[in-house]
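1. my questions concern the predicted model and sequence given below.
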Amino acid sequence: MSVPLSARARRTAVALLLATTVAVLAGCSSGDDDDVKDKGPSAEEILRSLPDAAQVESMVTEAVDTSEVPEDLVPGQGLIARSGALTSLEQRCARDYGYALIDEICIFGDPAADRTILLWGDSRAAMWMPALSRIAEQTGYRLAVLTKLGCPPLLGETPWLAAESRPYAECTQFNGRVTELVDDVVKPDMVVLAGAVRSFAVTDDGEPRALGQGNADNTWTPDEDADEIWQKSLSRTIASFDHNDAKVFVLGEAPYPTQDAGTCLAEHPDALDECSVTPEVGVYDEHNAAEKATAEDAGATYVSPLPWLCKDDVCPAVIDEHAVYRDSFHLNREFVLHISRALGSALGLDDWKALAK
């Protein structure tokens, strides 16, 4: 399927690639009904079993008092890093560091829909891709994904690429092209912005200016003054949608665990608290509060995922038999899917077709 491009879009050499989710592909079968039934639960049955926001919060409360890794952990022990990661198709849509040209746009959800959700951000945005794809499919939206590693959706700043000790020009170019595509190709009805502040730095006169300080114990301390750079840039990004009718959401930060999830759970099967993180360490309250204020002042809606991840002074490593994280930085894909109904409700997308039947 191809989409006609305007002259402006053609000048930027942009092509549109329509992809479908693994779930949609799995639903296509040339066999008879009995063959399909033997392949496991349908998408409807899976969706009906998902917890709503209130149930997720109750599960978090129960998880705080759980001390042992469950036998039916999802994914299983030894599979967290691999099975908890994005699929190869999803990972392709999280562009690598050296990639600046946008020559394709991944489309998930319902490819035939006439309404579009745009997901824009870095790998901490991309980790929500599976849930947003499921939400889009069930509520009659296409999901357009424009994500790039280490590249938050911030306009007006050039990030610093610490791994190569240089300005991250590819990110600046990428974000600039996203703004062109918003008008020429994507034309979103809804926008979801997300990005990681931890370890982020901008380029200032050819040198890095960090927004916080990394510590020897793999924690990170935000710099409240430098955080203003993030907030001003985010405000510019939200303002870039002022000329259209898209509803903009800022999806707030999930906690940052200080340990690799799979390693910790394997080493402490009878002491889950060793793998949990406290909000004091893994949640940046000042940054989150400032981001919420920035979003609301700019006319966007701020959605915090913290009620689905933390309770009081604990952010558990396992919730409802699901490993919450896949490493020390990202949520586990299986857990993100598990809480997709709660996310949908927070975005105002809770009219799930499967649940209405």
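-> Arrived safely.
2. residue 123 and residue 330 touch, don't they?
-> Yes. Between residue 123 and residue 330 there is a contact at 6.5 Å, judged by C-beta atoms under 8 Å. Backbone N, C-alpha and C define where each C-beta goes, glycine included.
3. shared neighbours of the two, anything?
-> Counting by C-beta atoms under 8 Å, 6 or more residues apart in numbering, residue 123 and residue 330 have no shared contacts at all.
4. neighbours of the nearest residue to residue 237 once chain neighbours are set aside, how many?
-> Excluding its sequence neighbours, the residue lying closest to residue 237 (C-beta to C-beta, 6 or more residues apart in numbering) is residue 155, at 4.8 Å. Counted by other C-beta atoms under 10 Å, the residues lying close to residue 155 total 18.
5. make sure residue 155 is indeed in a strand.
-> No. Assessed with DSSP: H, G, I helix; E, B strand; the rest coil, residue 155 is coil; it does not lie in a strand.
6. residue 238 versus that one, what's the distance?
-> 9 Å (C-beta to C-beta, to the nearest Å).
7. what do you get for residue 100?
-> For residue 100, the distance to residue 238 - C-beta to C-beta - is 23 Å.
8. now do residue 61
-> 33 Å.
9. one step back: show me what contacts the residue nearest to residue 237?
-> 175-176, 179, 233, 236-237, 240.
10. in helices, which of the residues you listed fall?
-> Among these, the residues falling in helices (DSSP state H) are 175-176, 179, 233, 236-237.
11. which stretches of the stretch 201-350 of the chain form strands?
-> Along the stretch 201-350 of the chain, counting by DSSP state E, counting those that start in this stretch, strands occupy 201-204, 207-210, 212-214, 220-222, 247-251, 301-303, 318-319, 322-323.
12. re the thing from before, residue 61 and residue 238: which is more packed in?
-> Ranked by neighbour count (other C-beta under 10 Å), residue 61 and residue 238 place residue 238 first, with 22 against 14.
13. ok, now how distant is residue 271 from residue 88?
-> Distance from residue 271 to residue 88, by C-beta to C-beta: 34 Å.
14. and those two? which has more neighbours close in?
-> The neighbour comparison of residue 271 against residue 88 (other C-beta under 10 Å) goes to residue 271, with 13 against 8.
15. wait, that one touches residue 69, no?
-> No. Using C-beta under 8 Å, residue 271 is not in contact with residue 69; the gap is 9.2 Å.
16. for the residue nearest to residue 237, phi and psi?
-> With angles defined as degrees, to the nearest 10, residue 155 sits at phi -100, psi 150.
17. could you do the one 4 residues further on as well?
-> Phi and psi for residue 159, reported as degrees, to the nearest 10, are phi -60, psi 160.
18. relative to residue 253, how far out is it?
-> Counting by C-beta to C-beta - residue 159 and residue 253 are separated by 17 Å.
19. the more surrounded of those two?
-> Using other C-beta under 10 Å as the criterion, residue 159 and residue 253 rank with residue 159 on top: 23 against 20.
20. so the nearest residue to that one once chain neighbours are set aside versus residue 153, what's the distance?
-> Nearest residue to residue 159, sequence neighbours excluded (C-beta to C-beta, 6+ apart): residue 168, at 4.1 Å. Computed as C-beta to C-beta, the residue 168 to residue 153 distance reads 14 Å.
21. with neighbour numbers in mind, choose between those two.
-> residue 153 (29 against 25).
22. dump stretch 242-258 to PDB, keeping only the CA atoms.
-> Extracted C-alpha coordinates of stretch 242-258, given in PDB (Å, rounded to 0.1, in the frame of the first residue of the first chain):
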ATOM      1  CA  ASP A 242      -0.700  24.300  17.800                       C
ATOM      2  CA  HIS A 243      -1.700  24.700  14.200                       C
ATOM      3  CA  ASN A 244      -3.600  21.400  13.900                       C
ATOM      4  CA  ASP A 245      -6.200  19.700  16.000                       C
ATOM      5  CA  ALA A 246      -4.100  16.900  17.300                       C
ATOM      6  CA  LYS A 247      -4.500  16.100  21.000                       C
ATOM      7  CA  VAL A 248      -1.100  15.900  22.600                       C
ATOM      8  CA  PHE A 249      -0.200  13.600  25.500                       C
ATOM      9  CA  VAL A 250       3.100  13.600  27.400                       C
ATOM     10  CA  LEU A 251       3.700  10.100  28.700                       C
ATOM     11  CA  GLY A 252       5.700  10.500  31.900                       C
ATOM     12  CA  GLU A 253       8.700   8.500  33.100                       C
ATOM     13  CA  ALA A 254       8.700   5.000  34.300                       C
ATOM     14  CA  PRO A 255      11.100   4.200  37.200                       C
ATOM     15  CA  TYR A 256      14.700   3.500  36.500                       C
ATOM     16  CA  PRO A 257      15.900   0.200  38.200                       C
ATOM     17  CA  THR A 258      19.500   0.200  39.200                       C
END
